[in-house]
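Visitor: Got a sequence here, can you model it:
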Amino acid sequence: MHSNTLLHPLTLRRAVRADLPGVLALLADTAEWLHSRGVRQWPRGGFGADRIEPLIRERVLYVLEAGELEWAGPVATIALDAHADPEFWTPADRPWSALYVHKLAVSRAYAGTGLGDALLDWAGASVGDAGRDWLRLDCAKDNPRLQDYYRRRGFTHVRTVDLPHRASGALFQRPAGYRTGRDGLFRDLTAEELVGA
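Guide: As a prediction, the model looks like this:
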């Protein structure tokens, strides 16, 4: 697609068990795309069901779908929860003051449409709704291009934690409610449910 025009109406909703195969396929495709560019953010081939099923069970994984293309699986996915990775975030960071983004992926067919920005804006609004201060994430410590992507979207680099067994470790945060202005790209069915409250 590679255009700023979305051809189908999109809906964001909480993931359910039936979404698992589509989410796994999207994450695997994204992981392969990253690896083809030399980025070791996620495991080659994506994640196993054992890593994604708990996110669905805990009701912290969301899918963005095109209603007219249900057979195609999710257009994007994002997890948003209160889990601060203890290898990265310390008590001095006040980990309870934030919600954390994980597994953000947008189908390559929708690259360049602003969906990543819109999902981060949604996550930031959810942080405020939950009475917290920060939207946080960690990303590949050896991917300056991805880190610059987050900086251009209002995130501040907190620090990089360099653990040999972790590809990730570049820590970023931005204030709750920060907006990139990518409104109206999808219908939000999650509005009545506060994340992490």
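Visitor: in this structure, which spans are strands?
Guide: Assigned by DSSP state E, the strands in the chain fall at 10-14, 61-66, 76-81, 98-106, 134-140, 156-160, 168-175, 187-188.
Visitor: Find the nearest non-adjacent residue to Ser107, please.
Guide: Excluding the flanking residues, the one nearest Ser107 by CB to CB, 6 or more residues apart in numbering is Val75, at 5.2 Å. Bear in mind the C-beta positions are built from the backbone N, C-alpha and C, glycine included.
Visitor: what number of residues lie near that neighbour?
Guide: 25 (other CB atoms under 10 Å).
Visitor: next one: Leu34
Guide: 19.
Visitor: which ones are touching the nearest residue to it once chain neighbours are set aside?
Guide: Once flanking residues are discounted, Leu34 sits nearest to Gln41: 5.3 Å by CB to CB, 6+ apart. Contacts for Gln41 (CB atoms under 8 Å, 6 or more residues apart in numbering) come out as 31, 34, 139-140, 143, 146, 167-168.
Visitor: Pull out the buried residues from stretch 50-66.
Guide: Under the neighbour-count criterion of 16 or more other CB atoms under 10 Å, stretch 50-66 has 52, 55-56, 60-66 buried.
Visitor: how about those, which pair is most distant?
Guide: Pairwise distances among the buried residues of stretch 50-66 were taken by CB to CB; the largest, 22.3 Å, belongs to Val60 and Ala66.
Visitor: Redo the strands of the chain as JSON lines? Include mean pLDDT and distance to Gly181.
Guide: Shown next, in JSON lines, are the strands of the chain (pLDDT from 0 to 100; distance: least, CB to CB, whole Å):
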{"stretch": "strand 10-14", "mean pLDDT": "92", "distance to Gly181": "17"}
{"stretch": "strand 61-66", "mean pLDDT": "93", "distance to Gly181": "18"}
{"stretch": "strand 76-81", "mean pLDDT": "97", "distance to Gly181": "18"}
{"stretch": "strand 98-106", "mean pLDDT": "96", "distance to Gly181": "18"}
{"stretch": "strand 134-140", "mean pLDDT": "96", "distance to Gly181": "16"}
{"stretch": "strand 156-160", "mean pLDDT": "98", "distance to Gly181": "19"}
{"stretch": "strand 168-175", "mean pLDDT": "96", "distance to Gly181": "14"}
{"stretch": "strand 187-188", "mean pLDDT": "88", "distance to Gly181": "16"}
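Visitor: Quick one: list the elements packing against whichever helix in the chain runs longest.
Guide: As assigned by DSSP state H, the longest helix anywhere in the chain is helix 20-36. With contacts defined as 3 or more CB pairs under 8 Å, 6 or more residues apart in numbering; DSSP states H and E, helix 20-36 has these neighbours: helix 49-57, strand 61-66, strand 76-81, strand 98-106.
Visitor: residue farthest from the centroid of the protein?
Guide: Using CA atoms, centre = their mean, the residue of the chain lying farthest from its centre is Ala92. It sits 24.2 Å away.
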